[in-house]
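# Please work out how this folds:
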Amino acid sequence: CPRLARCLTLQSSGTANKLRLLVPSALRAPAAPHFHVSRRMPTPTISEEWRLGFGSALPAGYLCRRVLSECWVRIHSLPESKRYPESEQEYSEMLARQNAVAEYTLGKESECVLFFTRYGEEKAFTSAGLPPLRGVPEHVMSFYDEDGEDEYQFFALRIIWKKEKFNDLIVACANDQTGSILFANTATRSIYAPYDGGADLFFPSAQDVPVARSRFAKWLSARADGL
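Residues are numbered from 1 along each chain as shown. Purely as a prediction, here's the structure:
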């Protein structure tokens with residue numbers, strides 16, 4: 001083939017002659033493409049994240065105490081365990097305490113999940129009594145109590161916890177207008193669950209409890225059971 005013949009060259013290297021076949025680029029086989037395969041794990045759902053972090057506990061403060069009691073601390077919102085704030089000064093004190101324990105428990109500007117509890121069969125979220133939310137909580141799980149008489153529906157919204165960002169929601173909770181709400185940092189396995197009168201805090205291990213109790217000693221209940 002004249003075309004291939006032109007590609008044969010005789011090269012001299014010292015006293016030895018070497019024959020090299022030069023193949024024109026047009027006749028070369030294309031290089032096999034290189035593919036980078038990214039094996040990404042599917043993103044866990046909110047209910048999966050909750051189960052991984054907190055096991056059989058349910059995302060309401062008073063229900064978490066059934067399973068996570070060894071990791072639990074309760075603080076009260078006002079001096080002498082007063083339940084409901086009435087004056088501007090008492091609202092300021094309540095918000096200061098709530099924000100302090102929330103940031104200590106959840107972490108500064110941390111990725112969290114905000115849970116709401118509703119009762120009954122309805123799986124569409126109702127926002128009655130709530131301040132405006134940035135997003136619509138989705139239904140993530142249901143639960144029937146041991147007697148089978150009450151049904152719980154849990155709704156959740158991914159949020160970034162930031163100090164004082166949720167003051168309106170905390171005030172509504174303090175006035176018993178929200179139903180059960182709970183903030184969970186599933187990555188650190190920490191929970192902040194405010195209620196009308198205080199907040200339930202849950203930590204990754206029982207070893208964290210004495211430290212938290214010491215830090216917030218003036219805000220703890222005087223009761224032996226910690227309630």
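# And residue 63, which helix or strand is it part of?
Taking DSSP states H and E as the definition, one finds residue 63 inside helix 61-68.
# And that helix, what's buried?
Within helix 61-68, the residues that count as buried by 16 or more other CB atoms under 10 Å are 61, 63, 64, 65, 68. Yep, even glycine has a C-beta here, placed from its N, CA and C like the rest.
# do stretch 179-197 as well
Applying a neighbour-count criterion of 16+ other CB under 10 Å, one finds 179-186, 189-195, 197 buried in stretch 179-197.
# Pop out the phi and psi values for residue 207.
Phi and psi for residue 207, reported as degrees, to the nearest 10, are phi -70, psi -20.
# For the protein, which residues score under the pLDDT cut-off?
Counting by pLDDT under 70, the chain has low-confidence residues at 1-41, 147-148.
# after the lengthiest helix in it, next one along is what?
Criterion DSSP state H: the longest helix present in the chain is helix 88-106. Past helix 88-106, heading to the C-terminal end, the next element that is a helix or strand (DSSP H and E) is strand 111-119.
# helices or strands up against that next one?
Under the contact criterion of 3 or more CB pairs under 8 Å, 6 or more residues apart in numbering; DSSP states H and E, the helices and strands touching strand 111-119 comprise helix 46-54, strand 151-160, strand 181-185.
# how big is the angle separating the first one from strand 181-185?
If I follow you right, that is helix 46-54. Here the directions of helix 46-54 and strand 181-185 differ by 70 degrees (axes from the mean of the first three to the mean of the last three CA atoms, to 10 degrees).
# Enumerate the positions of helix 46-54 that are buried.
Buried residues in helix 46-54, defined by neighbour count with 16+ other CB under 10 Å: 46, 47, 49, 50, 53, 54.
# what about the fifth one, distance to residue 218?
This points to residue 53. When CB to CB, to the nearest Å is applied, the distance between residue 53 and residue 218 equals 30 Å.
# Identify the farthest-apart pair in the buried residues of stretch 179-197.
Distances among the buried residues of stretch 179-197 were taken as CB to CB; the most separated pair is 186 and 197, at 25.9 Å.
# Of the buried residues of stretch 179-197, just say which sits nearest to residue 89.
Set against residue 89, the nearest of the buried residues of stretch 179-197 by CB to CB is residue 197 (17.2 Å).
# What residues does the closest one make contact with?
Taking CB atoms under 8 Å, 6 or more residues apart in numbering as the contact definition, residue 197 lies against 76, 77, 81, 83, 84, 174.
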